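>>> I'll drop the sequence and a predicted model, then ask my questions.
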Amino acid sequence: MLVLRGGKLVQQWRFSAQQFPKGTFSLLRCCFSSIPSRGRLRKQQLSSLNYVLHSRVCGVMLQDCIKNDDSNGGKGIHCNILKRGNFLDLFSWNILLNFYMKAGRLLEGARLFDEMPGRNVVSFVTMIQGYLGFEEYGKAVDLIRKLHREGHELNPFVFTTILKLIITLDWNGLVCSIHACIHKLGHDSDSYVGTALIDAYSVSGSLTSATEVFKGIVGKDMVRWTGLVSSHAENDFYEEALELFGQMRREGHLPNNFTFASVIKACIGLEYDGFGKSIHCCILKTCYEMDAYVGVSLLDLYTSIGTIEDARRVFEEIPRDDVVPWSFMIARYSQSIHCQEALDVFQGMLRALVRPNQFTLASVLQACATISNLELGRQIHCHMVKSGLDSNMFAFNALMDVYAKCGEMEASSDLFLHSVNKNEVSWNTMLVGYVQLGDAESAFRLNSSLLRASASLAALEAGIQIHTMTIKESYDGDGTVSNALVDMYGKCGRIKDARIVFNTMSKRDVVSWNSMLSAYSMHGLGAEALEMFDKMRKSGILPNQLTFVAVLSACSNTGFLDQGQFYFTSMKEEYGIEPCMEHYTCMVSLFGRLGHLDKAVKLIEEIPEQPSLMLWRALLGACAAHNNVELGTFAADRVLLLDTQDESTYVLLSNIYATAKKFDKVAVVRKRMKKGRVKKEPGLSWVENQGIVHYFAVGDDWHQDIKLIRGMLEWLNLKTRAAGYIPNNATVLLDVEEDDKASLLWQHSERIALAFSIVRLPRGNPIHIIKNLRICADCHVAIKFASKIVDREIIVRDINRFHHFHDGACSCNDYW
């Protein structure tokens with residue numbers, strides 16, 4: 001989103017000419033007139049100031065070095081200061097510290113900060129901002145604590161720095177607490193603090209709070225107005241953004257390029273074609289049409305809600321040095337059936353030496369598919385392979401569509417089978433391709449695979465519809481289809497339905513038994529899984545490698561140590577199956593989760609081949625559960641040697657350090673993630689209601705039912721506490737007060753999803769919640785209490801397994 005900042009710390013260091021001794025500026029003019037273009041200071045010039053060198057004069061000279069990026073000159077001044085006995089006052093010390101921060105010399109700056117004879121708020125803020133610039137977040141947090149402990153004033157510059165740190169670390173839950181402190185100290189009317197608060201609230205989606213902050217700012221200028229307009233537009237509050245823009249104009253503030261871009265985004269969201277053209281006129285009057293940012297926004301406006309002719313005129317008038325305007329225009333032509341024009345623009349793009357990206361190629365391939373241009377499609381396929389874009393999902397699906405619509409289903413199928421990135425578009429492309437060619441048998445075989453895809457996506461409604469279709473078409477007796485149905489119902493949380501389908505099968509093979517075993521294992525029903533394995537052996541079906549993966553996984557998920565060791569041994573001795581890496585991973589997980597980390601390490605040492613990524617992840621997860629920092633660090637290093645982009649490993653390692661209160665190590669992990677461009681997957685929970693999927697993130701307040709959700713959360717908080725629930729604040733790995741931790745727990749995504757489900761889903765129906773990460777330990781306890789209070793079955797599927805909550809208990813028996 002747009003991040004607009006006003007003001008710089010250096011404003012604190014301005015001083016008037018009256019403060020200098022008489023004749024100072026004439027001397028400075030004489031000295032600086034002979035300085036080279038980069039502002040380098042000569043020894044002769046420094047010696048000429050031998051007897052008149054003044055603290056404030058040094059400050060001016062250091063500011064000149066900062067302005068001209070003259071690192072050597074600044075260091076020369078510092079040397080002369082040291083020779084003359086450190087005569088600087090605190091004002092000039094802070095300028096010297098700022099010089100080292102701006103010069104990128106963090107270590108020298110930190111050493112100077114420690115050696116300064118005195119420090120004030122400016123010193124601390126300068127140092128903190130230096131740490132932020134070098135992503136040393138742990139040290140920045142420590143310095144903020146030290147600033148507070150030493151009794152320094154918490155002024156506006158301190159709070160803007162703290163808010164910047166909170167946004168950077170994604171600690172959105174702390175914004176309200178910082179705001180309360182700002183209000184208490186009377187800084188909420190300060191324009192810089194207000195802008196920082198608006199930005200922080202905007203990032204967290206709390207636009208109501210952002211608006212209230214804006215109303216309290218004294219002296220609103222164009223930057224503040226633009227920040228608020230942008231915040232509303234970026235959070236999809238389009239009408240409010242336009243209302244604020246109108247109010248801004250009525251108060252006499254002129255918009256800038258960022259204002260125009262945000263207003264155009266609002267026009268697109270509301271499909272206000274006429275108002276968008278009015279904004280275009282305003283842009284022409286203010287001469288912003290050649291701004292690259294505004295130009296792309298205008299093109300977005302006309303390609304989204306305007307005519308294709310208007311879009312082309314805008315395209316011809318704006319700067320076209322970047323791939324974005326070209327991609328916009330090609331996509332608009334492709335989607336409006338002007339496919340030949342899309343290909344002409346693509347050729348013009350290549351002649352302009354602008355390199356296409358995956359979105360450009362996806363649009364060009366769409367045009368190729370529409371006009372059946374197989375030859376160009378093949379050429380683009382070659383280009384995708386050469387440029388490494390063949391693994392991109394958008395371009396990949398478009399390429400499959402080209403081959404399918406040109407009758408080359410064998411090529412399309414080959415791409416589909418060898419792809420590791422498939423989504424619903426990939427499946428639909430293949431199904432439609434087979435149907436158009438009249439190959440119903442291949443289409444139905446793919447439909448059976450689609451059932452397994454529904455299982456992977458936990459798309460229960462889609463799976464039920466496909467089940468209904470198989471019954472209508474009399475395919476429900478087919479073994480392959482029945483196996484897929486067992487797998488689908490198991491992975492969608494309907495374990496009873498999976499067992500019903502399994503029981504009605506006239507003939508069961510090893511896949512049937514494995515599917516049922518895996519379903520029981522995933523639901524934490526270890527006893528039922530082992531009982532099913534016993535029935536399988538008695539039926540005469542020989543188990544295979546996958547069978548024992550399911551059995552050992554069931555033992556791991558339920559903590560059956562003795563049974564797990566027995567089956568791991570008998571697998572080889574009784575059935576002659578050599579353990580593979582998946583079996584070792586299950587055993588490491590079993591040992592680790594029970595706290596036998598020494599046995600897990602010993603087993604790893606006995607593996608005849610190189611341990612896999614999943615095995616090291618299992619050990620890392622066990623170390624996180626038992627707070628073993630040393631072994632956890634070792635396991636994380638092994639994972640990152642195999643996959644430097646494994647974001648879950650960074651998160652687990654960060655949690656291990658945070659639990660051990662090693663926040664400096666947490667900062668190092670975050671720095672490594674940022675340096676390697678590894679992004680932490682945000683925690684999401686979702687619920688399906690009447691065919692609509694409702695997504696929730698931590699602290700969400702954007703939902704249309706947010707008032708009802710908040711009310712239900714408060715009610716659940718009161719009821720669960722009355723029933724004996726005690727918040728486990730240790731699960732909050734942020735360095736905040738205990739009361740804040742208890743409050744943050746009720747902002748977790750699974751609790752928001754639960755509150756929405758209780759409010760909106762019909763009473764008596766089971767509640768199904770899906771979470772993309774592991775369920776929080778405190779949420780697990782809270783949902784157990786909630787299931788008894790609301791008297792409903794609550795089924796939560798996290799990244800590892802299912803949890804069935806009913807009458808105050810969970811199917812996992814608190815072992816997970």
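Sure thing, it's come through.

>>> tell me which element L718 falls in.
Secondary structure from DSSP states H and E places L718 in helix 706-722.

>>> got the CA positions of that helix in PDB?
C-alpha atoms of helix 706-722 as PDB (Å, rounded to 0.1, in the frame of the first residue of the first chain):
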ATOM      1  CA  ILE A 706     -17.600  -7.800  12.500                       C
ATOM      2  CA  LYS A 707     -19.800  -6.200  15.200                       C
ATOM      3  CA  LEU A 708     -21.700  -9.500  15.700                       C
ATOM      4  CA  ILE A 709     -18.400 -11.400  15.700                       C
ATOM      5  CA  ARG A 710     -16.800  -9.100  18.300                       C
ATOM      6  CA  GLY A 711     -19.900  -9.500  20.500                       C
ATOM      7  CA  MET A 712     -19.800 -13.300  20.200                       C
ATOM      8  CA  LEU A 713     -16.000 -13.300  21.000                       C
ATOM      9  CA  GLU A 714     -16.600 -11.200  24.100                       C
ATOM     10  CA  TRP A 715     -19.500 -13.500  25.200                       C
ATOM     11  CA  LEU A 716     -17.300 -16.600  24.600                       C
ATOM     12  CA  ASN A 717     -14.500 -15.000  26.600                       C
ATOM     13  CA  LEU A 718     -16.800 -14.300  29.600                       C
ATOM     14  CA  LYS A 719     -18.500 -17.800  29.400                       C
ATOM     15  CA  THR A 720     -15.300 -19.800  29.000                       C
ATOM     16  CA  ARG A 721     -13.600 -18.000  31.900                       C
ATOM     17  CA  ALA A 722     -16.600 -18.600  34.100                       C
END
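
>>> what's it packed up against?
For helix 706-722, the packing partners by 3 or more Cβ pairs under 8 Å, 6 or more residues apart in numbering; DSSP states H and E come out as helix 749-760, helix 777-789. All C-beta spots, glycine's among them, are computed from the backbone N, C-alpha and C.

>>> what's next to it, contact-wise?
Residues outside helix 706-722 that contact it (Cβ atoms under 8 Å, 6 or more residues apart in numbering) are 700-701, 703, 746, 751-752, 754-756, 758-759, 782, 785-786, 789.

>>> ditto for stretch 749-765
For stretch 749-765, the surrounding residues in contact (Cβ under 8 Å, 6+ apart) are 683-687, 689, 694, 696-698, 700, 703, 705, 708-710, 712-713, 716, 745, 767, 769, 771, 775-776, 779, 782-783, 786, 790, 792, 794, 796.

>>> for ChimeraX, what selects the buried ones among those?
Filtering these down to the buried ones (16 or more other Cβ atoms under 10 Å) takes a single ChimeraX command:
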select :683,684,685,686,687,694,696,697,698,700,703,709,712,713,716,745,767,769,771,775,776,779,782,783,786,790,792,794,796
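
>>> about what we covered before: compute the inter-axis angle for the helix holding L718 and helix 749-760.
Interaxial angle of helix 706-722 relative to helix 749-760 (axes from the mean of the first three to the mean of the last three Cα atoms, to 10 degrees): 110 degrees.

>>> for the very next helix or strand once past helix 706-722, packing partners?
Using DSSP H and E, the helix or strand that follows helix 706-722 in sequence is helix 738-745. The contact analysis (3+ Cβ pairs under 8 Å, 6+ apart) places helix 738-745 against helix 777-789.

>>> tell me which strands and helices the helix it packs on is in contact with?
Here helix 777-789 touches helix 706-722, helix 738-745, helix 749-760, strand 794-797, strand 802-806, strand 809-810, going by 3+ Cβ pairs under 8 Å, 6+ apart.

>>> quick check: Q545 touching G576?
No: Q545 is beyond contact range of G576, at 11.2 Å (criterion: Cβ atoms under 8 Å).

>>> between the two, who's got more neighbours?
With neighbours defined as other Cβ atoms under 10 Å, Q545 and G576 compare such that Q545 has more, 15 against 7.

>>> might you report the residue contacts of that one?
The contact partners of Q545, taken as Cβ under 8 Å, 6+ apart, are 577, 580, 582-583.

>>> returning to what we had before: quick one: which of the contacts of helix 706-722 is most hemmed in?
The most crowded member of those, judged by other Cβ under 10 Å, is L754 (30 neighbours).

>>> mind checking how far the helix or strand V193 falls within is from the chain centre?
If you go by DSSP H and E, V193 is part of helix 191-204. When distances are taken as Cα atoms, centre = their mean, to the nearest Å, helix 191-204 is centred 20 Å away from the chain's centroid.

>>> and it, what does it pack against?
In terms of contacts (3+ Cβ pairs under 8 Å, 6+ apart), helix 191-204 is packed against helix 156-168, helix 175-184, helix 207-215, helix 222-234.

>>> mind listing what's buried along the second one?
Of the residues in helix 175-184, those scored as buried under the neighbour-count criterion (16+ other Cβ under 10 Å) are 175-179, 182.

>>> do the same with the first one
Burial within helix 156-168, assessed by neighbour count using 16+ other Cβ under 10 Å, is assigned to 156-167.

>>> tilt between it and helix 175-184?
Angle between the axes of helix 156-168 and helix 175-184 is 170 degrees (criterion: the same axes, to 10 degrees).

>>> picking that back up, dump the contacts of Q545 into TSV; add secondary structure, distance to T429 and neighbour count as well.
Listed next are the contacts of Q545 as TSV, based on DSSP: H, G, I helix; E, B strand; the rest coil; distance: Cβ to Cβ, whole Å; neighbours: other Cβ atoms under 10 Å:
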residue	secondary structure	distance to T429	neighbour count
I577	coil	39	17
C580	coil	34	14
E582	helix	32	17
H583	helix	37	21
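
>>> of these, which is the nearest to A367?
Among those, E582 lies closest to A367 (Cβ to Cβ), at 44.5 Å.

>>> wait, that closest one sits on V549?
Yes: under the criterion of Cβ under 8 Å, E582 makes contact with V549 at 4.8 Å.

>>> sorry, back to before: from the buried residues of helix 175-184, pick the one nearest M430.
M430 has its nearest neighbour among the buried residues of helix 175-184 in V175, at 46.7 Å by Cβ to Cβ.

>>> does that closest one touch S204 like I think?
Yes: the pair V175 and S204 qualifies as a contact (Cβ under 8 Å) at a distance of 5.9 Å.

>>> tell me the SS of the closest residue to A352 other than its chain neighbours?
Nearest non-adjacent residue to A352, counting by Cβ to Cβ, 6 or more residues apart in numbering: R320, 6.7 Å away. Per DSSP: H, G, I helix; E, B strand; the rest coil, the secondary structure class of R320 is coil.

>>> which ones are touching R320?
Residues near R320 by Cβ under 8 Å, 6+ apart: 326, 352, 354.

>>> in TSV: those, plus distance to Q563, secondary structure and pLDDT.
Below are the contacts of R320 laid out as TSV (distance: Cβ to Cβ, whole Å; DSSP: H, G, I helix; E, B strand; the rest coil; pLDDT from 0 to 100):
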residue	distance to Q563	secondary structure	pLDDT
W326	62	helix	90
A352	67	coil	88
V354	63	coil	87
